[in-house]
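Asker: I would like the atomic coordinates for the input below:
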Amino acid sequence: MFGMVPGLDSTFKICAALGNPQRAFRTVHVVGTNGKGSCSYYLAGVLQAHGIRTGLYTSPHLISLRERIRVNDTPVSDADLDRLFLQVKAAAEIAHVEPTFFEVVTVAAFLYYREQGVQVAVLEAGMGGRLDSTAVARGNIAVVTSIGLEHTEVLGATESAILREKMGVMPGVIARPDVIARNVSDEAISGKKVYVVGGLSADLLQEARDYAANLSAELLVPGIREDIELPNLGHHYVENASLSLVAAKLLLDSDAAGAGRYDDGLALKALKTRSWPGRMQLLRDAGGTVRYILDGTHNSHAARRLAETLEKNFPGQKFPCVFGALKDKDVEEMLKLLSPCVSEWHLVRTPYERFREPSEIAGILEKMGATVASMGPLSRDVLDCVLDKVKSPALVTGSLYMIGEVIDLLKNDFDGLAFFRGLTKATNEHR
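Answerer: Sure, this is the predicted structure:
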């Protein structure tokens, strides 16, 4: 139910039984190892600012499954989600297939976007691209945010293999040898298959160029827009937003978009207010003082970026840190990277069975000579106690599961979390 079955056969069959709802709107695919969620969120905001009725499909969710399916930033309702799931269930029975959880949610999103008259859907791939169920939408623009080793048992043992899997989200293009990669220009691209690529090494970028050329697709390598202002701290978010602006321009400047041409000033204005929740997010109180810094740091790469961002924006400052992680993560490396930014550690866990025990993390920190101030279950009392002890903001980082729990605890007290008010917390297994 919650596993993965590589292949698109089941998704295609269910969609066919439902009248192929994925054909009712334009699609932009977003794939990558890191950054695809924020890139999708920024892109959806820019499209909405231009008057495009936009669907946004992301995963995982932080509190509620409803977060994954949105239209113009409004999450699908519980009643609609129940109804859509029943429709997918009936279609799966007609098609004689047993879909996975992710396939069910993906097809439900397609149905909802068709019902809601969505013009463009921004689809974040769940895993990979070529065999990800979002690929059945077959858009002609795909954004590749980054490539790293992940899910190697499914996607391949090398970054090259993973790159090909992710770029495979746009299949079925007739090879045309005269297509070459080029840098971004003001020329509008209409009807062509286009990859917007960022965050790749020189070797991987050449492979991406070759892949695109062999598939009659164009490949764009945007420069990083240093004039972008975002609520989320971290230059990596500027990199992701830069990709989103290029994808938005491609779509809006094509006749099929159903809107006026791309307006760069309007796009930059929209990005100023787009805070991707739980990722380098500053929570300010009513007086504007930063009280918490939330960041879902789920691997060593993310921990390194968090440490770099904190040093750049808060040079020399140390923070009390509320931290929790899952059992299958390289916690020791994450702690080493974050320790220079931390004054004291508050180790927590949620009821989720995959969570690592705080006492085990404490043992690692004690060998490093770090100060462990408290250990125990995550609660509002723990968060309040950390703030009461110091004047600086509290850093809350680690597993996205934990970040989701923290957001649920704080959502009614900070305007930056207003989106989550009214959302009921789902079980961890659905993430």
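
Asker: quick check: Ile63 touching Leu423?
Answerer: Yes. Taking contacts as CB atoms under 8 Å, Ile63 lies within contact range of Leu423: 5.0 Å. The way it works is simple: take the backbone N, C-alpha and C, and place the C-beta from them, glycine included.

Asker: between the two, what contacts are shared?
Answerer: The contact sets of Ile63 and Leu423 overlap at Lys411 (CB atoms under 8 Å, 6 or more residues apart in numbering).

Asker: those two: which is more packed in?
Answerer: Neighbour totals were compared for Ile63 and Leu423, and Ile63 leads with 22 against 19 (other CB atoms under 10 Å).

Asker: the strands in this protein, which residues?
Answerer: 26-31, 54-57, 69-71, 74-75, 120-124, 141-144, 194-197, 218-220, 281-284, 290-296, 319-324, 342-349, 372-377, 394-398 (DSSP state E).

Asker: need those in CSV with distance to Leu86, can you?
Answerer: Listed next are the strands of the chain as CSV, based on distance: least, CB to CB, whole Å:
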stretch, distance to Leu86
strand 26-31, 25
strand 54-57, 20
strand 69-71, 15
strand 74-75, 19
strand 120-124, 22
strand 141-144, 32
strand 194-197, 37
strand 218-220, 41
strand 281-284, 35
strand 290-296, 32
strand 319-324, 36
strand 342-349, 36
strand 372-377, 36
strand 394-398, 36
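
Asker: tabulate those (TSV), appending distance to Arg164, mean neighbour count and mean pLDDT.
Answerer: Below are those laid out as TSV (distance: least, CB to CB, whole Å; neighbours: other CB atoms under 10 Å; pLDDT from 0 to 100):
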stretch	distance to Arg164	mean neighbour count	mean pLDDT
strand 26-31	11	29	96
strand 54-57	23	27	98
strand 69-71	29	24	98
strand 74-75	34	16	98
strand 120-124	19	29	98
strand 141-144	11	28	96
strand 194-197	12	26	96
strand 218-220	14	22	95
strand 281-284	33	19	96
strand 290-296	27	22	95
strand 319-324	35	24	96
strand 342-349	38	22	96
strand 372-377	43	15	95
strand 394-398	32	28	96
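
Asker: of these, which is nearest Ala92?
Answerer: strand 69-71 (18.0 Å; CB to CB).

Asker: contact partners of the closest one?
Answerer: So strand 69-71 is contacted by 44, 53-57, 75-76, 81, 105, 108-109, 112-113, 116, 118 (CB under 8 Å, 6+ apart).

Asker: which of these sit farthest apart?
Answerer: Counting by CB to CB, the most remote pair of those is Arg53 and Val105, 20.6 Å apart.

Asker: and those two? Which one has more around it.
Answerer: Applying other CB under 10 Å to Arg53 and Val105 shows that Val105 carries more neighbours, namely 23 against 18.

Asker: looks like that one contacts Arg68 (just checking).
Answerer: Yes. Using CB under 8 Å, Val105 makes contact with Arg68 at a distance of 6.2 Å.

Asker: what is in contact with the two at once?
Answerer: Common neighbours of Val105 and Arg68 (CB under 8 Å, 6+ apart) are Ser59.

Asker: so who does Pro99 touch?
Answerer: Contacts of Pro99 by CB under 8 Å, 6+ apart are 10-11, 14, 88, 92, 107.

Asker: show me the domain layout of this protein.
Answerer: Domain segmentation of the chain under automatic domain parsing yields 9-271, 281-430.

Asker: worst mean pLDDT among those?
Answerer: Per-stretch mean pLDDT for these is lowest at domain 9-271 (a mean of 88).

Asker: and that domain, how far out from the chain's middle?
Answerer: From the chain centre to the centre of domain 9-271 is a distance of 11 Å (CA atoms, centre = their mean, to the nearest Å).

Asker: adjust the sequence numbering to begin at 35 for everything that follows.
Answerer: Renumbered: residue one is now 35, and that last one reads domain 43-305.

Asker: please, where are all the helices along the chain?
Answerer: Taking DSSP state H as the criterion, the chain contains helices spanning 43-51, 70-83, 112-129, 135-149, 186-189, 193-201, 236-248, 269-286, 298-305, 334-347, 365-372, 392-401, 414-423, 434-444.

Asker: of all those, which one is nearest Ala171?
Answerer: helix 135-149 (7.0 Å).

Asker: can you give me the buried ones in the closest one?
Answerer: 136-148 (16 or more other CB atoms under 10 Å).

Asker: so which other helices or strands are in contact with that helix?
Answerer: In this structure, helix 135-149 packs against helix 43-51, strand 88-91, strand 103-105, helix 112-129, strand 154-158, with contacts taken as 3 or more CB pairs under 8 Å, 6 or more residues apart in numbering; DSSP states H and E.
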